[in-house]
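>>> Starting from these lines, generate the structure:
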Amino acid sequence: MEFQKLIESRRSVRKYTAEGRPTREQIGELIAAAQEAPSWKNSQTARFYCLVSEDICNKLREECLPGFNRERAENAVLIVTTFVHTRAGFDKEGNPDNEVGNGWGFYDLGLNNEILVLKAAELGLGTLIMGIRDGEKIRGLLDIPESETVVSVIAVGAPDEQPIRPKRRALEDVAKFF
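Residues are numbered from 1 along each chain as shown. The predicted structure follows:
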């Protein structure tokens, strides 16, 4: 698929079919693509907890997601994304390199996540990045170390809807040229 068409056609999907659930191999392909993202000093701090078992997906949905996201993630495989904190944006002694500090971990993970969702769209899969979740319950359920910051849960599945593309703001409204 042509790249511009891919980025314009990718949408947040909030309904998935029970058929065509992504395989472990497909999820591995998404993670491999996400790993190609740039990161602060090549620190590669992104981590992915891939829930491909229907049982563990249901457990996380029921225990860690609020009702609206629980429903939106039904029939999907779930990927919990984290980053190792105090690495991206820090020197070797653990001092922040600038005022953003751990913000670079969030930034880098966002780049990973964007490549992941674009790769999913290329494969014909839908995705929904969910930031409203119980991070501490997720940490306990998946045994995520304290050295990682839980950021999002990404639902991945066979779309059962075709969301329309929302209008985008005009270039003049979002960019200043000097």
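
>>> hey, which strand is longest across the chain?
Scanning the chain for the strand with the most residues, using DSSP state E, yields strand 148-157.

>>> what angle do the longest helix seen in the chain and strand 148-157 make?
Counting by DSSP state H, the longest helix found in the chain is helix 103-122. Interaxial angle, helix 103-122 versus strand 148-157 (axes from the mean of the first three to the mean of the last three Cα atoms, to 10 degrees): 10 degrees.

>>> Mind checking the pLDDT average for helix 103-122?
For helix 103-122, mean pLDDT is 98.

>>> from the chain's centre, how far out does it sit?
Put simply, helix 103-122 sits 6 Å off its chain's centre (Cα atoms, centre = their mean, to the nearest Å).

>>> Identify the residues contacting that helix?
By Cβ atoms under 8 Å, 6 or more residues apart in numbering, the residues outside helix 103-122 that reach it are 1, 6-7, 9-10, 29-31, 33-40, 43, 45-46, 79, 81-85, 87-89, 100, 126-127, 129, 149, 151-152, 154, 156. Every residue, glycine included, has its C-beta placed from N, CA and C.

>>> related to what we said a few turns ago, name the strands paired with the longest strand of the chain and say parallel or antiparallel.
Using DSSP bridges, the strands paired with strand 148-157 are strand 77-84 (antiparallel), strand 126-130 (antiparallel).

>>> which one of these lies closest to residue 16?
Within the strands paired with strand 148-157, the stretch nearest residue 16 is strand 126-130; the backing value is 6.5 Å (Cβ to Cβ).

>>> Toward the C-terminus, what is the element adjacent to that closest one?
For strand 126-130, the following helix or strand on the C-terminal side (DSSP states H and E) is helix 135-142.

>>> Can you name every helix or strand that that following helix contacts?
Judged by 3 or more Cβ pairs under 8 Å, 6 or more residues apart in numbering; DSSP states H and E, the packing partners of helix 135-142 are helix 54-64, strand 148-157.

>>> Now mean neighbour count and mean pLDDT too, for the ones you listed, in TSV please.
TSV is the format used below for the helices and strands packed on helix 135-142 (neighbours: other Cβ atoms under 10 Å; pLDDT from 0 to 100):
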stretch	mean neighbour count	mean pLDDT
helix 54-64	16	97
strand 148-157	23	98
